[in-house]
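J.: Okay, here's the prediction I keep looking at, along with the sequence it came from:
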Amino acid sequence: MTMGSDAESGGLRNGNTDMGSKDHLDAGAVFVLESKGNWFHAGYHLTTSIAAPALLSLPFAFAALGWFAGILCLIVGAAVTFYSYNLLSLVLERLESEGNRHLRFRDLARDILGPKWARLTVAPIQFAVCLGTVIGSTLLGGQSLKFIYLIYHPNGAMKLYEFIIIFGIVMLFLAQMPSFHSLRHLNLLSLILCLLYSLCVVGGSIHAGHSKLNAEKDYSFTGSSVSQVFGAFNSVAIIATTYGNGIIPEIQATLSPPVSGKMFKGLCICYTVVISTFFSVAVSGYWAFGNRAAGNIFNNFAPTGEPSLVPNWLLFTGNICVLLQLFAVALVYSQPTFEVLEGKSGDTNHGKFSVRNLIPRLLLRSVYVSVATVIAAMLPFFGDINGVIGAFGFMPLDFVFPFLFYNLTFKPSKRSLIFWINTLIVVIFSILGVLGCIAAIRQISVDANSYKLFANV
């Protein structure tokens, strides 16, 4: 079953639990990844981690792909990721049935690939993805606050970094929520907010698309042939990243055992929201603005220096929903890091809310949120950097490792269809991941001259 030896695997199982025993678990697993949730709680967590404000960039991705390729990429992305996440869940369930329940992605990788490969691949990639998402969410949160501010104070003097700091201060308090499971109600609200701001985008796009103030729709490709090629690869990476998750084992860890079948139900909740929001936002936004679709479709509704194409109340409602969901997204992607911090600093011999555990939790989480906030404020162009992290991180975590883990765990016959489907997906998306990285790095080089620390963009 594993690429590492049984001795290596057996000596490194402090991140696992044999059907619920907590005697050998560290504080991160016991306190942060407490297994109390139901399948619908997993659905809320999954929806928050996937159906996030990144979907507002889908019309922009369509601008470089066109109608056919854009819709095809959306369909393929939905099918492959649903299949991928379900396979990874089945791997976790299989190992649990053998008495070895994994609570963390890195522990699952260590058992299947061996300690060395897990340490060099999954662990650093997942950390980069989670930190990048938290920083990106903080930056987007500040931009949403600024957008709302400018609706009613168009000549206001406040700078972007000030709004980012405000977002970070609120996050300092929310970050003290003790466990992943404690986010379940917040993530239910997040699901509702996603539906609301997607509805605002669809309504706004229909309204703007029929407005006389809107420029004539143009769906042609712009730029040189080289720019179009790199733009297409960058758009594929954007769509893949939008479907990205990277924390399936940690979400499954929140389920009360036995977990068999629960994640599939949670995925069904999640993808009902994903399909309804991704397709409606992408299609309506691209229909309304064509190749002028911005990286955030709300910017098309209120172009700088021009009259707004939609009512202010719609801009306000949509951005408030985005802002509130970003807190949930940042918290969800903070959990793997909080689990590591708690594992290093906590003591399971004392209660979760004992002074012994409360003070290190407060200090370490506050430092983590503060660092993310400072980076977001200092690097308002972090979206370009996050493109590299997305292609480098979400591609392997969501489009490569799940299929490898399934083949190595279940060992399907090399003559079977499922073996070759999984292998083909690994090869295709490994190549796309490399091309996406190259396109994202090229975009950074193109935009580098406009980069300024603490810029007010």
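T.: Arrived safely, thanks for sending.
J.: host element of Thr272?
T.: Assigned by DSSP states H and E, Thr272 belongs to helix 262-289.
J.: Mind giving me the packing neighbours of that helix?
T.: In terms of contact count using 3 or more C-beta pairs under 8 Å, 6 or more residues apart in numbering; DSSP states H and E, helix 262-289 is assigned the packing partners helix 39-50, helix 58-97, helix 184-209, helix 248-253, helix 297-301. Yep, even glycine has a C-beta here, placed from its N, CA and C like the rest.
J.: Give me the distance between Leu358 and Ile71.
T.: Separation of Leu358 from Ile71 (C-beta to C-beta, to the nearest Å): 50 Å.
J.: actually Pro402, sorry about that
T.: On the measure of C-beta to C-beta, Pro402 and Ile71 end up 24 Å apart.
J.: returning to that earlier point: can I get the helices and strands packed on helix 262-289 in JSON lines including mean pLDDT and mean neighbour count?
T.: JSON lines is the format used below for the helices and strands packed on helix 262-289 (pLDDT from 0 to 100; neighbours: other C-beta atoms under 10 Å):
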{"stretch": "helix 39-50", "mean pLDDT": "96", "mean neighbour count": "25"}
{"stretch": "helix 58-97", "mean pLDDT": "95", "mean neighbour count": "20"}
{"stretch": "helix 184-209", "mean pLDDT": "96", "mean neighbour count": "20"}
{"stretch": "helix 248-253", "mean pLDDT": "96", "mean neighbour count": "27"}
{"stretch": "helix 297-301", "mean pLDDT": "93", "mean neighbour count": "23"}
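J.: Tell me which of these sits nearest to Gln126.
T.: Across the helices and strands packed on helix 262-289, Gln126 has its closest neighbour in helix 248-253 (9.0 Å, C-beta to C-beta).
J.: quick one: buried residues of stretch 344-360?
T.: 345-346, 348, 352, 357-358, 360 (16 or more other C-beta atoms under 10 Å).
J.: returning to what we had before: any idea of the mean pLDDT in the helix holding Thr272?
T.: Helix 262-289 comes out with an average pLDDT of 96.
J.: check contacts around Ala63.
T.: 235, 286, 290-293 (C-beta atoms under 8 Å, 6 or more residues apart in numbering).
J.: returning to that earlier point: export the buried residues of stretch 344-360 to TSV and tack on secondary structure?
T.: Output for those, formatted as TSV (DSSP: H, G, I helix; E, B strand; the rest coil):
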residue	secondary structure
Ser345	helix
Gly346	coil
Thr348	coil
Lys352	coil
Asn357	helix
Leu358	helix
Pro360	helix
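J.: Quick check: nearest residue in space to Lys146, chain neighbours excluded?
T.: Phe163 (4.7 Å; C-beta to C-beta, 6 or more residues apart in numbering).
J.: Run the angle between the one helix or strand that neighbour maps to and helix 184-209 for me.
T.: Secondary structure assigned from DSSP H and E places Phe163 in helix 160-174. Calculated by axes from the mean of the first three to the mean of the last three C-alpha atoms, to 10 degrees, helix 160-174 forms an angle of 150 degrees with helix 184-209.
J.: which residues touch helix 160-174?
T.: Applying C-beta under 8 Å, 6+ apart, the set of residues contacting helix 160-174 from outside is 138-139, 141-143, 145-146, 149, 323, 326-327, 330-331, 366, 369-370, 372-373, 376-378, 380, 454-457.
J.: buried set for that helix?
T.: Across helix 160-174, burial judged by 16+ other C-beta under 10 Å covers 160-168, 171, 174.
J.: Which of these sits closest to Thr121?
T.: Using C-beta to C-beta, Met171 comes nearest to Thr121 of these, at 29.1 Å.
J.: What separates the first and last residues of stretch 245-255, distance-wise?
T.: Using C-alpha to C-alpha, to the nearest Å, one end of stretch 245-255 lies 17 Å from the other.
J.: typed the wrong thing, it's stretch 154-166
T.: Stretch 154-166 has an end-to-end distance of 19 Å (criterion: C-alpha to C-alpha).
J.: Give me the distance from it to the chain's centre.
T.: Here stretch 154-166 shows a centroid-to-chain-centroid distance of 26 Å under the convention C-alpha atoms, centre = their mean, to the nearest Å.
J.: Check stretch 36-49 too.
T.: The answer for stretch 36-49 is 14 Å, by C-alpha atoms, centre = their mean.
J.: now stretch 73-81
T.: Distance, centroid of stretch 73-81 to centroid of chain: 16 Å (C-alpha atoms, centre = their mean).
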